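A.B. asks: output the structure for:
(one chain, ligands or ions: 1)
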Amino acid sequence: MRNFLPIAIAAATSFACQDVSVNWVWTGAITNSSLRLRVSASMGGEECDPNALKLFVSQEMTEIKSFNGLNVQKMSESVYLYDFHAQELASGPVQYEIRYGPNKTLRSQTGKITIPTAPGTPMSFHVAFSSCADEDSDPKVFGTIAQHEPLFFVHMGDLHYDNLVVNDVNVFRASYERMFASPAGQAMLGMDLPMAYMWDDHDYGPDNSDSTAPGREASLQAYREYVPHYPLQDKYLLTINSILTIGRPGATNPEDLPIQQAFTVGRVRFILTDLRSQRTPNEAENIPSKTVLGPKQKAWFKNELLHASGKDSGIGLIVWVNTMPWLDDERKWGHFKHEQTELVEFIKENNLNTKVPIIIASGDAHMLAADDGTYSPGNLPIFHAAALGRPGSIKGGPYSHGAIPGSGHFGLLHFEDDGNRVCARYSGRNDNDKELIGYDICNPQPGTTYHPPPVFVRKMTRMWRKARSRMITKWLHLTTLEIVTIGGIVIAIIALILRRFRSSKQEKKRD
Ligand SMILES: [Fe+2]
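C.D. replies: Numbering: from 1, shown residues only. You can find the predicted model right below:
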């Protein structure tokens, strides 16, 4: 009788609340024993109890475990945002359900999620990675990615293109919600794959944004609220005893709140750097203090590289998720030559990228591209994968194994670990699942090098592309120079037509 009462109350609770539904589920931060889920749910009426929404997790041969939301945040009159941490999981397949009360299932898992083995254990697996889609993007690519059943998906930024310039967290929250309500956003979350997400410019702030972005604080706050991210620097803080006060509990200063993360799967260390919130503007004077990472994140990053490359680290390969092109003499890391040189020197001085190779996974440029290290600063192999849905473009180069612009693009990284060495194979693919560029770091084959055009041509092409897109989408917002240029071109074409018309008339008269 004593056990029956709570069950009866719970059943009555779930019966009383009829107007309850899950809007979306975003999984991430997968480790060898845990999985994190951010869940948005709507419920109407006073009879609904937000705390009755629970996560139920089951694994083969184990009992079903339930988890309460660690943080339940009321986002509007009827929408609640939950943060679930499923813990003490065993390696192997896992299934989850979101239920209201003990029995009312609101959402069941649709994808395949596998909990990996303990870090340091040799394990072969593959991940998918890409960036750059918006609400209007074709959702097809996400279905193609899901068919590969990667262990997780690395989203390298431009999750939306709202280019926000207001320091209002509600506006940033609304952008996540709008994206997740769109067909592309639903398809992305519909993959039901754990995700590791690092932003880039358009989802952090405006185009080419940096630490001066007006919405910086709101953007940092919204990321922490919405994203099922890995721990943010806590371990590092404990290690160095707060010599550098990164992400300390209770911190509100944006310099102390970057969102860089690192985690290990098998013997692969993934390091995700935040290249936006700590960065000086691209146009700032080219002096040694000009920075992409900011001093604190840079110290953390160097420490990560040293630690992962150490003799007893148990790491066989480092993947640096470096969201923007590393190999670009003109823009992107090309704006930050001092810092890039500093990092390259650091790698050389410490004999890194030798026993434990470092490879770069990049987005931002809407292309597939691979460089075996021939042209890359520090000789780090580079693998680009984008755009999920936006129009194609090429940035930087040369790339030893080619560069292909386009939409519907993603990359696969397959890690083969024989216990001695970890090999990585890159496969750059389109939404028809055709491999367009491939490269294996342990079995390199020659490729066709892409050489970029001269800087002048690149600049002219960019100007034309920008003007064209503005003409199509926002023609009323053209700058004066653009209006004069386009007007001049139109007048010249009309004059040419009139001239030809007049001369053909004169010829007819003469005949
Ligand atoms: Fe992009």
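
A.B. asks: state the distance from the closest residue to Gly205 other than its chain neighbours to the ion.
C.D. replies: Leaving aside its chain neighbours, Gly205 sits nearest to Ala213 (3.2 Å; criterion: CB to CB, 6 or more residues apart in numbering). In short, each C-beta sits where N, CA and C put it, glycine included. Distance, Ala213 to the ion, using CB to the ion, to the nearest Å: 16 Å.

A.B. asks: how about Ile360, what does it touch?
C.D. replies: Residues near Ile360 by CB atoms under 8 Å, 6 or more residues apart in numbering: 319-320, 322, 326, 376, 380-383.

A.B. asks: low-confidence stretches in the protein?
C.D. replies: Applying pLDDT under 70 to the chain picks out residues 1-15, 61, 234-252, 469-470, 472-484, 487, 490, 501, 504-505, 507-511.

A.B. asks: need the max-distance pair from the contacts of Ile360.
C.D. replies: Pairwise distances across the contacts of Ile360 peak at 14.5 Å for Val319 and Ser376 (criterion: CB to CB).

A.B. asks: so Ser131 makes contact with Phe153?
C.D. replies: No: assessed by CB atoms under 8 Å, Ser131 is found out of contact with Phe153, at 10.8 Å.

A.B. asks: who has more neighbours out of the two?
C.D. replies: Ser131 (34 against 23; other CB atoms under 10 Å).

A.B. asks: list the contacts of that one.
C.D. replies: 155-158, 200, 323, 363-364, 385-388.

A.B. asks: check those residues one by one and keep those near the ion.
C.D. replies: Asp158 (CB under 5 Å from the ion).

A.B. asks: quick one: which of the contacts of Ser131 sit in strands?
C.D. replies: His155 (DSSP state E).

A.B. asks: what is the nearest of the contacts of Ser131 to Thr449?
C.D. replies: For the contacts of Ser131, the nearest to Thr449 is Ala385 (18.8 Å; CB to CB).

A.B. asks: tally of neighbours for the residue in the stretch 1-150 of the chain that the ion sits nearest to?
C.D. replies: Nearest to the ion, among the residues of the stretch 1-150 of the chain, is Cys132, at 3.4 Å (CB to the ion). For Cys132, the tally of surrounding residues (other CB under 10 Å) stands at 29.

A.B. asks: check the one 5 residues further on too.
C.D. replies: When neighbours are counted by other CB under 10 Å, Ser137 registers 25.

A.B. asks: my guess is it contacts Arg390. True?
C.D. replies: Yes: with contact defined as CB under 8 Å, Ser137 reaches Arg390; the gap is 6.8 Å.

A.B. asks: what does this protein put close to the ion?
C.D. replies: So far as CB under 5 Å from the ion goes, the chain lies against the ion at 132, 158.

A.B. asks: just say helix, strand or coil for Phe56.
C.D. replies: strand (DSSP: H, G, I helix; E, B strand; the rest coil).

A.B. asks: next, the contact list for it, please.
C.D. replies: 64-67, 96-99.

A.B. asks: name the nearest residue to it, sequence neighbours excluded.
C.D. replies: Glu97 (4.6 Å).

A.B. asks: in the helix or strand encompassing that neighbour, what counts as buried?
C.D. replies: Element membership of Glu97 [criterion: DSSP states H and E] is strand 92-100. For strand 92-100, a neighbour-count test (16 or more other CB atoms under 10 Å) marks 94, 96-100 as buried.
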